[in-house]
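Engineer: structure of the sequence below:
(2 chains)
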There are 2 protein chains.
Amino acid sequence: MENIIINEVGPRDGLQNINKVLSVDERLTLIRALEETGIEHIEIGSFVSDKAVPAMTNTGGLINKLDNIDNYSVLIPNKKGLDEAKIHRVKEICTVLCVTDSMNQKNINQTVDETLNDLKLILGDSSKNGIRTKCYVSVAFHCPYEGKVDSTYVEAVVGQLLDYKVDEVVVADTIGAAHPKEVSALMTSLSSTYKDAIFSCHFHDTRALGLANVYSSLEAGIKKFDSCIGGLGGCPFAPNSSGNLATEDLVGMLELMNITTGINLDKLLVAREVASKLTNLTLKGRMY
Amino acid sequence: MENIIINEVGPRDGLQNINKVLSVDERLTLIRALEETGIEHIEIGSFVSDKAVPAMTNTGGLINKLDNIDNYSVLIPNKKGLDEAKIHRVKEICTVLCVTDSMNQKNINQTVDETLNDLKLILGDSSKNGIRTKCYVSVAFHCPYEGKVDSTYVEAVVGQLLDYKVDEVVVADTIGAAHPKEVSALMTSLSSTYKDAIFSCHFHDTRALGLANVYSSLEAGIKKFDSCIGGLGGCPFAPNSSGNLATEDLVGMLELMNITTGINLDKLLVAREVASKLTNLTLKGRMY
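Structural biologist: Next up is the predicted model:
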């Protein structure tokens, strides 16, 4: 009987990549439905430019309506985002680094080195302020512009983030192109190189490989995974990346494996219905 | 660079479990489209009662229209089916044994022992006539009526089939409820107990676990898999079993892993379109 932590990213990664923009109250309704399931870790929103990502407008107002945000994270793209996170007493922030220059340029118009320099300051500042930090290492396996990403290079970048005292590294297959064997190889290698580091994984189900990659990560000792209610979302700058791994599929597999998550699958299907109604979307995922 | 054999079951397992009954010429159109992809192994139909399974009516007529059936298999439920297979010079037959009494009763109104007795004769007779034999061991992991199936018992039943000189045992997760860890355990154990036996696996994608189970079987040394174009089909006697593993998803994963199958993925997507048009169904699978 192991215990695996699931980090629900629907309210951020899911909602920011669909056409309909939900109101703060609608976003709150989704979060409340997710809270009902027993999920403890939720990425609730981001502090980004309203113009760039309208779906994440007024995340501060959303936070003000929540009772307890101890286990919730907020994505911040830069120092300005961190300042907002501090104002709203956010306990955990997520930062993002696309590990290839091409993808990082598309995403935030910076080279990897430029972003690493910024992250050094942001991660240091967060630590000083008692804010737990995560960093997404995006396109960690395959980049839509540069192809297969060199794992030695990924390991070096991860080492740099750990030097900057990031609390958790989220290894992300942003375009859903990784296969379980390379996932196993990278996660095993990262875990053995950086023994004290906390790693989690973020998979997409674009090619139906989400659960296969979770399984091979589990075998490599990973104990925390991102997923997204109903498989909502994707990435606007990565062609054909649609389809986060569905939380209900992930919980379904773990339940079959007798791995506890603290999440109630029936209530998750209720939350899925809530997400579907709010977004007017036919959601993905098979476990319904 | 490994080589994995894919056995396409769409023309049998796929078509027999949908509402629309295709004509022999339509079934031929699907097989021709599949042949175009480079797939060499196809389960093309079955010799069953027309009344019980109208979709498989006149499989003999279908065979007469095919140029070369050397690598094609036909499912037979009983001695009468074998007689028809002989008449049509079938080179490979598939038999079926649901490994729990409850499921076997639902499927063919026999206990497991009764079917094993019949199979002894059918497999022996086939061998004598130079016909290669496969046997599906259905609900090998979970039964919709009896729950988790005891793996020691499955191993004993497989041993009996091997005593009867079956050429290949197809271990089937008929209701798509197996998780990759138990798949790995059973396939590893079977392969080590029966070192000279040929095993293949048949997975459903009901809970999005199809590829995860293929991956764990690959790790256990399995080199042959069933799959079904567009994820067509299911099993009429197993509730919620719909959704065979889609051939295009399987080939997609294997291609990413640099494992050759001899199958052209683009042409597979063409065959998927053909299947979709013939059946009037929105097909499953993600790799399109």
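Engineer: near chain B, which residues of chain A?
Structural biologist: Residues of chain A found near chain B (Cβ under 8 Å from any Cβ of the partner chain) are A:177-181, A:205-212, A:214-216, A:243, A:246, A:249, A:252-253, A:256-257, A:285-287. Heads up, the C-betas are built off the backbone N, CA and C, glycines and all.
Engineer: in strands, which of those fall?
Structural biologist: Using DSSP state E, no member of the residues of chain A next to chain B falls within strands.
Engineer: among the residues you listed, name the ones in helices.
Structural biologist: A:180-181, A:210-212, A:214-216, A:249, A:252-253, A:256 (DSSP state H).
Engineer: just flag the most distant two among those.
Structural biologist: A:181 and A:252 (23.2 Å; Cβ to Cβ).
Engineer: might you report the residue contacts of residue A:201?
Structural biologist: A:170-173, A:183, A:187, A:213-214, A:217, A:222, A:224-226 (Cβ atoms under 8 Å, 6 or more residues apart in numbering or on different chains).
Engineer: where do the helices sit along chain A?
Structural biologist: A:24-36, A:59-64, A:79-87, A:101-108, A:112-128, A:151-163, A:180-193, A:210-219, A:247-256, A:265-279.
Engineer: quick one: closest of those helices to residue A:141.
Structural biologist: So among the helices of chain A, helix A:180-193 is nearest, using Cβ to Cβ, at 5.9 Å.
Engineer: follow-up on the earlier one: just name the most buried of the helices of chain A.
Structural biologist: helix A:210-219 (a mean of 27; mean count of other Cβ atoms under 10 Å in any protein chain shown).
Engineer: which residues does it contact?
Structural biologist: Residues from elsewhere that reach helix A:210-219 (Cβ under 8 Å, 6+ apart): A:4, A:173, A:176, A:178-181, A:183-184, A:187, A:201, A:203-205, A:225, A:245-246, A:249-250, A:253, A:259, B:180-181, B:208-209, B:211-212, B:214-216, B:253.
Engineer: before we move on, what about stretch A:32-41?
Structural biologist: A:5-8, A:10-11, A:42, A:71-73, A:229, A:247, A:261-264, A:267-268, A:270-271, A:274-275.
Engineer: among the helices of chain A, which is nearest residue B:94?
Structural biologist: Of all the helices of chain A, helix A:210-219 sits nearest to residue B:94, with 26.5 Å by Cβ to Cβ.
Engineer: angle of that closest one against helix A:180-193?
Structural biologist: 30 degrees (axes from the mean of the first three to the mean of the last three Cα atoms, to 10 degrees).
Engineer: mind checking how far helix A:210-219 is from the chain centre?
Structural biologist: Chain-centre distance of helix A:210-219: 16 Å, with Cα atoms, centre = their mean, to the nearest Å.
Engineer: still on that earlier bit, mind putting the helices of chain A into a markdown table with mean pLDDT and distance to residue B:18?
Structural biologist: Shown next, in a markdown table, are those (pLDDT from 0 to 100; distance: least, Cβ to Cβ, whole Å):
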| stretch | mean pLDDT | distance to residue B:18 |
| --- | --- | --- |
| helix A:24-36 | 98 | 35 |
| helix A:59-64 | 97 | 45 |
| helix A:79-87 | 97 | 51 |
| helix A:101-108 | 95 | 42 |
| helix A:112-128 | 98 | 50 |
| helix A:151-163 | 98 | 44 |
| helix A:180-193 | 98 | 31 |
| helix A:210-219 | 97 | 26 |
| helix A:247-256 | 96 | 24 |
| helix A:265-279 | 95 | 26 |
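Engineer: need the ones you listed in TSV with distance to residue A:144, can you?
Structural biologist: Converted to TSV, the helices of chain A look like this (distance: least, Cβ to Cβ, whole Å):
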stretch	distance to residue A:144
helix A:24-36	29
helix A:59-64	28
helix A:79-87	25
helix A:101-108	7
helix A:112-128	16
helix A:151-163	16
helix A:180-193	16
helix A:210-219	18
helix A:247-256	24
helix A:265-279	25
